[in-house]
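1. predicted model follows, preceded by the sequence.
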Amino acid sequence: MGWTRKDLLSMRELDASEITLLVDTAASLQEIASRDIKKVPALRGKTVVNLFYEASTRTRTSFEIAGKWLSADVINFSASGSSTSKGESFIDTAKNIAAMSPDVVVVRHSSAGAADLLARELPCSIVNAGDGAHEHPTQALLDLLTIREKKGHFEGLHVAIVGDIAHSRVARSDIHGMRKLGMTVTVAGPPTLIPPYVQELGAKVSYRLEDAIGDVDVIMMLRLQQERMRSGLIPSTREYAHYWGLTLDKLARHARPDVLIMHPGPVNRGIELSPEVADGPYSVILDQVSRGVAVRMGVLLLLAGRRSGEAA
Amino acid sequence: MGWTRKDLLSMRELDASEITLLVDTAASLQEIASRDIKKVPALRGKTVVNLFYEASTRTRTSFEIAGKWLSADVINFSASGSSTSKGESFIDTAKNIAAMSPDVVVVRHSSAGAADLLARELPCSIVNAGDGAHEHPTQALLDLLTIREKKGHFEGLHVAIVGDIAHSRVARSDIHGMRKLGMTVTVAGPPTLIPPYVQELGAKVSYRLEDAIGDVDVIMMLRLQQERMRSGLIPSTREYAHYWGLTLDKLARHARPDVLIMHPGPVNRGIELSPEVADGPYSVILDQVSRGVAVRMGVLLLLAGRRSGEAA
Amino acid sequence: MGWTRKDLLSMRELDASEITLLVDTAASLQEIASRDIKKVPALRGKTVVNLFYEASTRTRTSFEIAGKWLSADVINFSASGSSTSKGESFIDTAKNIAAMSPDVVVVRHSSAGAADLLARELPCSIVNAGDGAHEHPTQALLDLLTIREKKGHFEGLHVAIVGDIAHSRVARSDIHGMRKLGMTVTVAGPPTLIPPYVQELGAKVSYRLEDAIGDVDVIMMLRLQQERMRSGLIPSTREYAHYWGLTLDKLARHARPDVLIMHPGPVNRGIELSPEVADGPYSVILDQVSRGVAVRMGVLLLLAGRRSGEAA
């Protein structure tokens, strides 16, 4: 089955076959990274605009490299130094960019729904690169690709997602994707950081790290946002690290020996992950980053390729 | 007749045949935007530097896309984060860039005359992308291209330019260009924002919006700069919007049914334009943005092509 | 003899034949800047990341142009707006970038040793584009290339390096390179700005400008960093300019008529150099900038070419 959507906005809207198509496409593109000449002509003459309203050089760079390896023209448009500072609305800025005929606009914005808004209003393809606490589908896809490469399959795996679930677009996208592919998901964190929606999505809830990591194939540790550290939702960073930080000792005592440790980055070393865990043999954090380029190549290819098909 | 100038600095210096050549060249390149593969090899191996001393992601992006579609290498050099913060003078920074052998430097600067200075001092081609309140010739060219596409010709058309004429490089470039192509121009705005030079350029003056828009083919609404709102040149934003803001009601009562509404962007919605007018059927604001890429392609092609000719 | 190193970190680590290879490679690439089509396919499919933790649009632009002329994909990653602001460590950010499979990472950082750290930790090639007060090898190489082009050879030349030696990575790299190629180096400046290490490197020391410039082929004037002006290491900018600023009068009275005046830029006009000297016939400051692109092309070619060889 081929790809039919104009946009990639969320994991929630995709079905299992679409997610599998995205992961398979990324997997097939992954070997480009190890080629001597990392360049294929697939998107020559296509234009990708990175429209970033939040600081994120890492994700922006991942999309930029993905686009360039596919021979697309990539334009970075960051909100600072733009018409935004002259009071122009988000949608007016986006319509102006769309008038310059890009094929794909990759958008990151602090407001949930920003990508959906652009998808409705603009004729070009939209990729949601993170919208508020809503979704971050390419992160979920690279998590899935990494898991499948390490574990060989999805069905029946059990994943614990640990930390600030309530404010995490990564957690939300992961839960949607993992559930649809037949995985069991347990979320764990302080009660103040567990939102009510997770049980509706079919995730189990745990309020104790040791319980959550006991019988899982993958532990996804979330970043503790610095804002949360200051907001009263957690008593103190030290206490958070004590109860929710993952250490080699806790792993050895409670987790399975073949567990994968994942993290969407950037890592707060010494808070949610001890340095020994972040850099240790369980960790596949840098594999996730590598898979990220392949996933973004796959997404750009399916979206901009679709448009080529239409025009032909 | 071919293009002979090293630089594009102003509409004032061009004659009607040069303006027509620029508009014709842009028109011929416009279809590239709707191609499946938006890429022509015309400027392969040419280097374009965007040297921007004022925040303007929109115009910079338009030049960047234009350059990339023509296969040029495009380098963005913004004043923030540059040697400028180390106290280097504008001309020293520019000479350093020129020593790196670009073919074209596109410059935006808050000082009138900045582009002329570079044109005198540097061997490469200079494009003025806006210098203080002086000129912004590519904006005038995209306005002209948009008008010709919608109206079919220039000669005999009547344009009203409304708002802060005194501080607008767009107004100045437009008046020069439109007058040379045989158009009638009426400028309208509060007396404090109408400069004495407009009558020397052959523009008529009106101090009442309703009078100015009565018998024109095009209404060009200017952006009210936020600085002006704070400076005492207008009594208040609300009063400005009341007297000088364009609404559907004013259009219906005073303007012709086939009038075009233009705006150089970014729009202050609810101040110079009501949202209904900005998004309404009269508005060609986003067409202007699309034409902008074609115009910048044309300008880069004529300037860098000229240099190829020399070298050959 | 071919190039064998993974990285270019310092002039200190190179021997004379390696320096000569770098300078020769740059010299052979220099004519690309004057071609009608400034593009060679040498690094097509290679990815270069500019990882800049200090403001330096000039050096970054030089590397970006060099990479693009060689057909590499060039990605700019600046610390502002990156995960750095989210508290990620330098090495974690760099490992993340490395996970995206670049061939070369060009790094500028305010800490001495930053490039060495990356070279040890990352599998890709690292180019040191300036690390604290430690080294800036591509600047030394472009200085050497400029000198050889103007003087025809290295052996036996005498160079005076004048100004804030203690805080200058340029001076340190220059001294290493020049000494290895058989040149005599005299450093000159106020005693507070002359570090003890220079004599160990075989440089002579002078505390009077007039003595230092008397019998030399090249005068390299260093930039007085604005921080130094405020720090108490010099009594006042005016006094510094009086004793250590180079003027036409001092040149005429003390220097040889064929002396070259060099400066790594950006120049503080009226402080270390009078405008007449900076723009005068002795000055080869803009030649240095032009050579800079050739040197960076050479470095990228040798490093990324080496890697191609490995993979083949």
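-> Received it, and whenever you're ready, just let me know what you need. Small disclaimer: the values here were computed from a predicted structure and weren't measured.
2. do you have the helices of the stretch 151-300 of chain A handy? List them.
-> With DSSP state H, counting those that start in this stretch, the ranges of helices along the stretch 151-300 of chain A come out as A:169-180, A:197-200, A:209-212, A:226-231, A:237-244, A:248-254, A:275-278, A:285-311.
3. report pLDDT for the one residue in the stretch 51-200 of chain A that gets nearest to chain C.
-> Residue of the stretch 51-200 of chain A nearest chain C, by CB to the nearest CB: A:Thr57 (3.5 Å). Placement of C-beta: from N, CA and C, glycine included. Among the per-residue scores, A:Thr57 shows a pLDDT of 83.
4. gap between it and A:Met221?
-> Using CB to CB, to the nearest Å, one obtains 22 Å as the distance from A:Thr57 to A:Met221.
5. repeat for A:Ser71
-> Counting by CB to CB - A:Ser71 and A:Met221 are separated by 36 Å.
6. which of those two has more neighbours?
-> Under the criterion of other CB atoms under 10 Å in any protein chain shown, the comparison of A:Ser71 against A:Met221 puts A:Met221 first, with 27 against 16.
7. ok, that one - contacts?
-> By CB atoms under 8 Å, 6 or more residues apart in numbering or on different chains, the contact list for A:Met221 reads A:Val162, A:Gly163, A:Leu246, A:Ile261, A:Met262, A:His263, A:Glu272, A:Leu273.
8. next one: A:Glu210
-> A:Lys250, A:Arg253, A:His254.
9. check the closest residue to chain C within the stretch 1-150 of chain A and give its pLDDT.
-> Relative to chain C, the nearest point of the stretch 1-150 of chain A is A:Ile37 (3.0 Å; CB to the nearest CB). Note on A:Ile37: pLDDT of 96.
10. any weak-confidence spans in the stretch 151-300 of chain A?
-> In the predicted model, the stretch 151-300 of chain A carries pLDDT under 70 at residues A:228-230.
11. end-to-end on stretch A:150-164?
-> 25 Å (CA to CA, to the nearest Å).
12. hang on, I meant stretch A:206-218
-> End-to-end distance for stretch A:206-218: 15 Å, by CA to CA.
13. for it, the distance to its chain's centre please.
-> Going by CA atoms, centre = their mean, to the nearest Å, the spacing between the C-alpha centre of stretch A:206-218 and its chain's C-alpha centre is 22 Å.
14. before we move on, what about stretch A:109-117?
-> Taking mean C-alpha positions (CA atoms, centre = their mean), stretch A:109-117 and its chain are 15 Å apart.
15. using CSV, write out every CA atom in that stretch.
-> What follows is the C-alpha trace of stretch A:109-117 in CSV, where atoms were taken according to Å, rounded to 0.1, in the frame of the first residue of the first chain:
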residue,chain,number,x,y,z
HIS,A,109,6.0,25.5,17.2
SER,A,110,5.3,25.9,20.9
SER,A,111,1.5,25.7,20.4
ALA,A,112,-0.3,22.4,20.1
GLY,A,113,-2.2,22.3,16.8
ALA,A,114,0.2,24.6,14.9
ALA,A,115,1.1,21.9,12.3
ASP,A,116,-2.6,21.0,11.8
LEU,A,117,-3.4,24.6,11.2
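16. which parts of it are buried?
-> Applying a neighbour-count criterion of 16 or more other CB atoms under 10 Å in any protein chain shown, the buried positions in stretch A:109-117 are A:His109, A:Ala114, A:Ala115, A:Asp116, A:Leu117.
17. can you tell me which two in those are farthest apart?
-> Farthest apart among the buried residues of stretch A:109-117 by CB to CB are A:His109 and A:Asp116. That separation is 10.6 Å.
18. need the overlap of contacts for the two.
-> Counting by CB under 8 Å, 6+ apart, the contacts common to A:His109 and A:Asp116 are A:Asp131.
19. contacts only, for the closest residue to A:Leu70 other than its chain neighbours.
-> With CB to CB, 6 or more residues apart in numbering or on different chains as the measure, A:Leu43 is the residue that lies nearest to A:Leu70, at 4.0 Å, once sequence neighbours are left out. Taking CB under 8 Å, 6+ apart, we find A:Leu43 in contact with A:Gly67, A:Leu70, A:Ser71, A:Ala72, A:Asp103, A:Leu300, A:Leu301, A:Ala304, A:Gly305.
20. that's a helix at A:Leu43, yeah?
-> No - A:Leu43: not assigned to a helix; according to DSSP: H, G, I helix; E, B strand; the rest coil it is coil.
21. can you tell me how far A:Lys150 is from A:Met220?
-> Taken as CB to CB, the span from A:Lys150 to A:Met220 is 13 Å.
22. with neighbour numbers in mind, choose between these two.
-> Neighbour comparison, A:Lys150 and A:Met220: the larger count goes to A:Met220, with 25 against 14 (by other CB under 10 Å).
23. surely the more buried one is in contact with A:Val159?
-> Yes - counting by CB atoms under 8 Å, A:Met220 sits close enough to A:Val159 to count as a contact (6.1 Å).
24. tell me the strands beside the strand or helix carrying A:Val106, with direction?
-> Element membership of A:Val106, judged by DSSP states H and E, is strand A:104-109. Based on DSSP bridges, the strands next to strand A:104-109 in the sheet, each with its direction, are strand A:47-52 (parallel), strand A:125-131 (parallel).
25. now these in TSV, with distance to C:Ala212?
-> Written out in TSV, the entries for those read as follows (distance: least, CB to CB, whole Å):
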stretch	distance to C:Ala212
strand A:47-52	50
strand A:125-131	56
